[in-house]
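Chemist: here's my sequence, what's the structure:
(3 chains, ligands or ions: 2)
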Amino acid sequence: MSNGPVLNEAALRAGAFKMTPLRMGVMLIAVGVYWTSIKGTEMSIQEFVTGFPAIVDLLRQMFPPDWAYLKRLGWPVIETLQIGIISTVVASILALPMAFLAAKNVSPHPIVYLPVRLFLTVCRGVSEIIWALLFVVAVGLGPFAGVIALIIYCVGVIGKLLAEAVEAVDPGPLEAMSAAGASRWKVFLYGAWPQVLPLYLSYCLYYWDHNTRQAVVLGFVGAGGVGYALFFNISTYYFEKAMMAMIVLVLMIVVIDRFCLYLRQKII
Amino acid sequence: MTIAVASGVLDAVIEERRVSRRQYAIIGMVVFAAALWSAWGTEFNVPKLMEGLPHIYALGERMLPPDFSILKDLAGPMIETLEMALLGTTIPIFFALPLAFLAAVNTAPNPLVSIIVRLFIGIFRTVPELIWAMVLVTAVGLGPFPGVLALVLHTIGGLGKFYYEAIESTDPGVMEAMQAAGASRFKVIWYGVMPNVLPVMMSSTLFYWEYNNRASTVLGLVGAGGIGLALTHALQDFRYPEVVTCLILIVLILVIIDRISAFLRGKII
Amino acid sequence: MNIEADQTTMVEVRNLTKAYGSSAPAIEDISLSFKKGEFIVLLGPSGVGKSTLLRCLNFLVRPTSGIVKINGQELGALSKKGLLQARHHIGMIFQEFNLVNRMSVLMNVMCGRLGTLGTWRALTYNFSPEDHEAAVRALVRAGLEDQELYLRRADTLSGGQKQRVAIARMLIQEPKVILADEPIASLDVMMRAQIMDLIKDIAQRDGLTVVMSLHQLDVAKNYADRIIALAQGQVTFDGPPNELTDAVIERVFNKPADEIDEEQTVEITEAPAE
Ligand SMILES: Nc1ncnc2c1ncn2[C@@H]1O[C@H](COP(=O)(O)OP(=O)(O)OP(=O)(O)O)[C@@H](O)[C@H]1O
Ligand SMILES: [Mg+2]
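Modeler: Ligands and ions are numbered 1, 2, ... in the order given. Predicted structure coming up:
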């Protein structure tokens, strides 16, 4: 069939851009916003030109990576993995009841559903790293504060996604089971849960990946792991070691990414 | 006859249940063991959290009431945060788009190019923006400039991957038809691929805009500008009422961004 | 079948009104009674309240006012638990089959027994061997003899097979009344006749009362003992199929009878859902 291109060209022409005053206004505003952004963030070619040699210089200092440092990274890698695992497991358990309370169609009452929604919004409202900063005050420096931070954020996100999944459940089977005389919880367990479960598992896997990445970043607030090694080495100008840590980090994330992809394909 | 059928099926059901039960048990045990091991390694313990609760309560007490008098001082950094996110999302488009066409197997000039470009996209994406920011701050000094660069680098990777996946999912029939009609490579891409992938690309760009707004609120932690800097200073000096004001502002802005993004996404689809 | 049994009232509805929210009532002041073994078809254009009436009969939709009695039991007077028990003896099938796609056929059928399933068994998804056997019997009765199908996921079946599974799920409840909301609307023409024959056959053998909403005039005339037409939430015709003359049809549907048939033909050529 050779009418593909014809069709597309015609479509393009039909949707050709027309300048209306409204569009003109929007575009002007966009250009204005853009201009102030460039000014405000001190972006300029000159900045780039002067900054570039410094970046190249830093890169040169990073090579060759310090391979001897590799064996000292074993423990930090394990710690990062552990932070990712425990926070995902706990968060996915805690997110379950939250999600059901926050889903309009199964939540017992709007009085429950609204505050839970608000709670979830606040949980994911700020980044993990900010939560970590706050919890360092409570439980001191170390991985635990990071784990709590990841849990809070992750409960917020999984809770919301799962609540949406529950709300999107096909109501037909639920109706059929109610009609057969099944009580509320049985209707949920048999009608809704099988529909939600695969989504739930795939969210958990996705956030495991995410949490491991974030565990690295949390090293910045002293949560340990590869992130801390990286942070420490950069701030003390051991750039070859930092480079080594960076390589390990990329490898670790790639491996987890692949593993999650594999598991997700198994579920669906 | 019915009963015979029933018992045959029943056996199959029982066997299936036995197998799946064993699978669940194994998976459950593996997850449980991993969690236990991780809890031990990260000093995760609930009693410690409970002990810490009074601290959190005290912290909460010192935070309230929020100090709204600093709001006008926060306006500048907040706007800077939004500006960083805007540039950090739009600049990468110009890099990610050509890279994506080089990376997608159906539009790459040859497989080797595709592999190499993918490798680069992968590296940009896997290094978190905060680490890019830290490295860049070390190289070029404090300020929003390294912050924007960090977002740009990470987003090139993220968008690049979204884009090439979108390109790879286009219907090969359309492209073949155009090639058969003698269209040049550029024309095939422009008329055959772009119209199909544009909505997906726009929606993933919106996703990264949201992501970058969130990310740019914390770039200040490593000195890369925005409201994160104000937040860090307030935290370091124990000015907790100001910390809360920052947090409230961040949550509000992010919720608004979320809404805007949802609205725009609705327009696309 | 003895004549006395046929005379017992199975379903009784008095002054039934249902209004959604504060809008005008979907059905208003309907009073009807259906006998044991009667095959009733509800007719009427879209939106007149056929589904609403059906759902009021098992209180899936709680009526605004009025009384519903099934087999002498007044649903409105029952406790929560009592209502669930009462529903267990009212089977229901739907246009979209309403199966759980990701569960096996057998599991879907056994869901008809959820009302009587013990708590622990329910929590562990563990139906008893008796339930399994009953499910197989129900499936065979619903015309699915091929046991290859039983452990397949429900979404791998064809539309007609799905509706048979839904019928089996209803049969396993051992219902006295069958409520059917446009059970053939998502099926192709061949399948429609088969499913209608199946329902009719089951109803006749077991002496079940069937209340079914339909869009197809010809099908209604073929199968119904009694046709009830609704318009604006009220009964405008109630009688045997042969009394449903073209004049009456015009009054009910607000357009000539032959046009309605045309519309049905168009609908039939639509691809069945999924
Ligand atoms: N859950 C609901 N909330 C509000 N209004 C409803 C609800 N369900 C039905 N209605 C309204 O009640 C009226 C009757 O609807 P009903 O579904 O009973 O009609 P129907 O005869 O089954 O139509 P159809 O042939 O299209 O299935 C309609 O006006 C409909 O909009
Ligand atoms: Mg209806």
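Chemist: contacting residues for the residue of chain C found nearest chain A?
Modeler: Closest residue of chain C to chain A, CB to the nearest CB: C:Gly115 (3.0 Å). (Each C-beta comes from the backbone N, C-alpha and C, glycine too.) Applying CB atoms under 8 Å, 6 or more residues apart in numbering or on different chains, we find C:Gly115 in contact with A:Ala180, A:Gly181, A:Ala182, A:Ser183, C:Leu84, C:Gln85, C:Arg87, C:His88, C:Gln173.
Chemist: the last one in helix, strand or coil?
Modeler: The three-state label for C:Gln173, taken from DSSP: H, G, I helix; E, B strand; the rest coil, comes out as coil.
Chemist: wait, it sits on C:Ala86?
Modeler: No: at 11.4 Å, C:Gln173 does not count as touching C:Ala86 under the criterion of CB atoms under 8 Å.
Chemist: before we move on, back to that, list only those of the contacts of C:Gly115 flagged as buried.
Modeler: Buried members of these, counted by 16 or more other CB atoms under 10 Å in any protein chain shown: A:Ala180, A:Gly181, A:Ala182, A:Ser183, C:Leu84, C:Arg87, C:His88, C:Gln173.
Chemist: got the buried residues for stretch B:110-120?
Modeler: Residues B:Ser114, B:Val117, B:Arg118 are the ones in stretch B:110-120 that count as buried (16+ other CB under 10 Å).
Chemist: so which of these comes closest to B:Gly147?
Modeler: B:Val117 (25.8 Å; CB to CB).
Chemist: Three-state assignment for the closest one, please.
Modeler: helix.
Chemist: my guess is it contacts B:Leu99, does it?
Modeler: Yes: B:Val117 lies in contact with B:Leu99 (CB under 8 Å); the separation is 5.6 Å.
Chemist: hey, what's in contact with both of those two?
Modeler: B:Gly160.
Chemist: show me what contacts residue 240?
Modeler: No chain in the question, so chain A it is. A:Gln61, A:Met62, A:Phe63, A:Pro64, A:Pro65, A:Asp66, A:Tyr69.
Chemist: my bad, the chain I had in mind was chain C
Modeler: Contacts of C:Pro240 by CB under 8 Å, 6+ apart are C:Ala224, C:Asp225, C:Arg226, C:Ile227.
Chemist: distance of the residue nearest to the first one when sequence neighbours are not counted relative to C:Ile93?
Modeler: Excluding its sequence neighbours, the residue lying closest to C:Ala224 (CB to CB, 6 or more residues apart in numbering or on different chains) is C:Val41, at 3.9 Å. C:Val41 sits at a distance of 14 Å from C:Ile93 (criterion: CB to CB, to the nearest Å).
Chemist: okay, the two: which has more neighbours?
Modeler: C:Val41 (26 against 23; other CB atoms under 10 Å in any protein chain shown).
Chemist: coming back round to it: can you check which residues contact both of C:Gln173 and C:Ala86?
Modeler: A:Gly181.
Chemist: could you list the low-pLDDT ranges of chain B?
Modeler: Counting by pLDDT under 70, chain B contains low-confidence ranges at B:1-7, B:269.
Chemist: spatially central residue for the chain, please.
Modeler: Went with chain A since none was named. The structure's chain A has its C-alpha centroid closest to A:His210; by CA atoms, centre = their mean the separation is 5.1 Å.
Chemist: right idea, wrong chain: chain C
Modeler: Central residue of chain C (CA atoms, centre = their mean): C:Ala180, at 1.3 Å.
Chemist: same question, chain B
Modeler: Closest-to-mean residue, chain B, CA atoms, centre = their mean: B:Tyr211 / 5.3 Å.
Chemist: quick check: next helix or strand after the helix or strand containing C:Ala86?
Modeler: When elements are assigned from DSSP states H and E, C:Ala86 belongs to helix C:80-88. Later in the chain than helix C:80-88, the nearest helix or strand by DSSP H and E is strand C:90-94.
Chemist: what about the following helix or strand past that following strand and chain B, touching?
Modeler: Under the assignment DSSP H and E, the closest C-terminal helix or strand after strand C:90-94 is helix C:105-110. Yes: applying CB under 8 Å from any CB of the partner chain, one finds helix C:105-110 in contact with chain B at C:Leu106.
Chemist: how about whichever helix or strand comes after helix C:105-110, does it reach chain B?
Modeler: The element immediately downstream of helix C:105-110 (helix or strand, assigned by DSSP H and E) is helix C:119-123. No: remark: helix C:119-123 sits outside contact range of chain B, by CB under 8 Å from any CB, the gap being at least 12.5 Å.
Chemist: and the helices in chain B?
Modeler: B:2-41, B:46-63, B:71-103, B:111-126, B:129-140, B:144-168, B:172-180, B:185-187, B:194-216, B:227-236, B:240-268 (DSSP state H).
Chemist: how many neighbours does the residue of chain A found nearest ligand 1 have?
Modeler: Of all residues in chain A, A:Pro171 sits closest to ligand 1, at 10.5 Å by CB to the nearest ligand atom. Using other CB under 10 Å, the number of residues around A:Pro171 comes to 13.
Chemist: can you pull the contacts of it?
Modeler: A:Asn105.
Chemist: next, work out how far apart it and B:Val197 are.
Modeler: Taken as CB to CB, the span from A:Pro171 to B:Val197 is 34 Å.
Chemist: same deal with B:Met78?
Modeler: 34 Å.
Chemist: could you point out which element follows the host helix or strand of A:Cys204?
Modeler: A:Cys204 is part of helix A:193-218 when elements are defined by DSSP H and E. Later in the chain than helix A:193-218, the nearest helix or strand by DSSP H and E is helix A:225-235.
Chemist: now do that next one against helix B:129-140, angle only.
Modeler: 10 degrees (axes from the mean of the first three to the mean of the last three CA atoms, to 10 degrees).
Chemist: run the chain-centre distance for helix A:225-235.
Modeler: 21 Å (CA atoms, centre = their mean, to the nearest Å).
Chemist: ok, A:Phe52 - how many residues close by?
Modeler: Neighbours of A:Phe52 (other CB under 10 Å): 12.
Chemist: which residues sit in contact with it?
Modeler: By CB under 8 Å, 6+ apart, A:Phe52 has no neighbours at all.
Chemist: burial of A:Ile111, as a residue count?
Modeler: 8.
Chemist: where does pLDDT dip in the stretch 1-150 of chain A?
Modeler: A:1-19.
Chemist: wait, the stretch 151-268 of chain A
Modeler: In the stretch 151-268 of chain A (pLDDT under 70), the answer is A:268.
Chemist: ditto for the stretch 1-150 of chain C
Modeler: C:1-6.
Chemist: and C:Ile202, how close does it get to C:Ala86?
Modeler: In terms of CB to CB, C:Ile202 sits 21 Å off from C:Ala86.
Chemist: repeat for A:Pro194
Modeler: 27 Å.
Chemist: who has more neighbours out of those two?
Modeler: Taking other CB under 10 Å, A:Pro194 and C:Ala86 do not tie; C:Ala86 has more neighbours (20 against 17).
Chemist: turn the contacts of C:Gly115 into JSON lines, including distance to C:Asp146.
Modeler: Output for the contacts of C:Gly115, formatted as JSON lines (distance: CB to CB, whole Å):
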{"residue": "A:Ala180", "distance to C:Asp146": "24"}
{"residue": "A:Gly181", "distance to C:Asp146": "29"}
{"residue": "A:Ala182", "distance to C:Asp146": "28"}
{"residue": "A:Ser183", "distance to C:Asp146": "33"}
{"residue": "C:Leu84", "distance to C:Asp146": "33"}
{"residue": "C:Gln85", "distance to C:Asp146": "34"}
{"residue": "C:Arg87", "distance to C:Asp146": "30"}
{"residue": "C:His88", "distance to C:Asp146": "28"}
{"residue": "C:Gln173", "distance to C:Asp146": "23"}
